[in-house]
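Undergrad: sequence first, then the predicted structure, then my questions.
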Amino acid sequence: TQSTRPQRLLSAVQKNATRGDPCSVVRAIDDFCRHKEWAMNVGDEKGCILDSVVSEMNPAAVLELGTYCGYSTVRIARLLPPDAKFITLEFNPGFAAIARQVIAWAGLEEKVQLVEGASGDWIPKIKEQFGIKTFDLVFLDHWKDRYLPDTKLMEECGLLRKGSVLLADNVICPGTPDYLEYIRSSPKYESRYFKSHLEYTKVEDGLEKSIFLG
Ligand SMILES: O=C(NCCNC(=O)c1cc(-c2ccc(F)cc2)cc(O)c1O)c1cc(O)ncn1
Ligand SMILES: [Mg+2]
């Protein structure tokens, strides 16, 4: 039976990365995607911007929407303080199964809670299910037409506090026009665009960093 791209990505990690070494896992995925098969990880260039936002915030509670193979999950988890809470939501069971193994290979399974299901179903349940009051950082990297509805849902569910940061991938490519329009015109947010490139390509893309003003 044919293997899937996520399965081939996992094999590359198991072959080329050192167990328990998150940086070697990140490097193995970037090498695989640059030289073997492109895959929709945030990548090394945008990944450095993600790293700087995480490091600057030193967040106690992080939510990632869209795990895929766990690349950005590993990038974020490796920088978190020991008692931080980190939840990552993935809708696609095939992606989730691979991501669990990538996260485990990096030795970060204790720091991450991977939840399978639709973001729209899970966001209203997070407070009670995981004992989280608000998130300091949310990384949006799932279906691009879910960024706006899920942001409104997080607001309604009281998951954001003054100073919470939303960091959104792919605001140019594939693009999230309705989200950008909302977040840039809303008085509830202070937004800034970090120009970069679509992972492993020369195509323009970027991250939008938005601070919730309450
Ligand atoms: O596709 C699901 N999630 C990934 C969302 N992410 C993306 O779609 C994404 C796409 C691209 C991208 C850019 C250019 C291009 F030509 C093709 C793809 C890049 C990125 O950086 C992403 O993040 C999905 C499936 C499913 O069955 N269930 C739940 N989710
Ligand atoms: Mg992305």
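TA: Arrived safely. Please read all numbers here as calculations on a predicted model, not as lab measurements. Ligands and ions are numbered 1, 2, ... in the order given.

Undergrad: tell me which residue in the protein sits closest to ligand 2.
TA: residue 169 (3.7 Å; CB to the ion). Any C-beta I mention is one placed from the backbone N, CA and C, and that applies to glycine too.

Undergrad: count of residues packed around the closest residue to that residue other than its chain neighbours?
TA: Leaving aside its sequence neighbours, residue 169 sits nearest to residue 141 (CB to CB, 6 or more residues apart in numbering; 4.3 Å). Residue 141 has 25 neighbouring residues, counting by other CB atoms under 10 Å.

Undergrad: now do the contacts for residue 141.
TA: Applying CB atoms under 8 Å, 6 or more residues apart in numbering to residue 141 gives the contacts 42, 64-66, 68, 72, 168-170.

Undergrad: out of those, which touch ligand 1?
TA: 66, 68, 169-170 (CB under 6 Å from any ligand atom).

Undergrad: would you agree residue 86 falls within a strand?
TA: Yes: counting by DSSP: H, G, I helix; E, B strand; the rest coil, residue 86 is located in a strand.

Undergrad: quick one: which of the ones next to ligand 1 among the contacts of residue 141 sit in helices?
TA: If you go by DSSP state H, the ones next to ligand 1 among the contacts of residue 141 have nothing in helices.

Undergrad: so residue 116 is in contact with residue 90, correct?
TA: Yes: assessed by CB atoms under 8 Å, residue 116 is found in contact with residue 90 at 5.9 Å.

Undergrad: look at these two and report which has more neighbours.
TA: Counted by other CB under 10 Å, residue 116 and residue 90 do not tie: residue 90 has more neighbours, with 27 against 16.

Undergrad: coming back round to it: so which of the contacts of residue 141 wins on neighbours?
TA: Neighbour-wise, those (other CB under 10 Å) top out at residue 169, 31 neighbours.

Undergrad: list the contacts for it?
TA: 42, 46, 72, 139-141, 205, 207.

Undergrad: a markdown table for those, including secondary structure, distance to ligand 2 and pLDDT?
TA: Below are those laid out as a markdown table (DSSP: H, G, I helix; E, B strand; the rest coil; distance: CB to the ion, whole Å; pLDDT from 0 to 100):
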| residue | secondary structure | distance to ligand 2 | pLDDT |
| --- | --- | --- | --- |
| 42 | coil | 5 | 98 |
| 46 | helix | 8 | 99 |
| 72 | helix | 8 | 99 |
| 139 | strand | 9 | 99 |
| 140 | strand | 9 | 99 |
| 141 | coil | 4 | 99 |
| 205 | strand | 8 | 98 |
| 207 | strand | 9 | 99 |
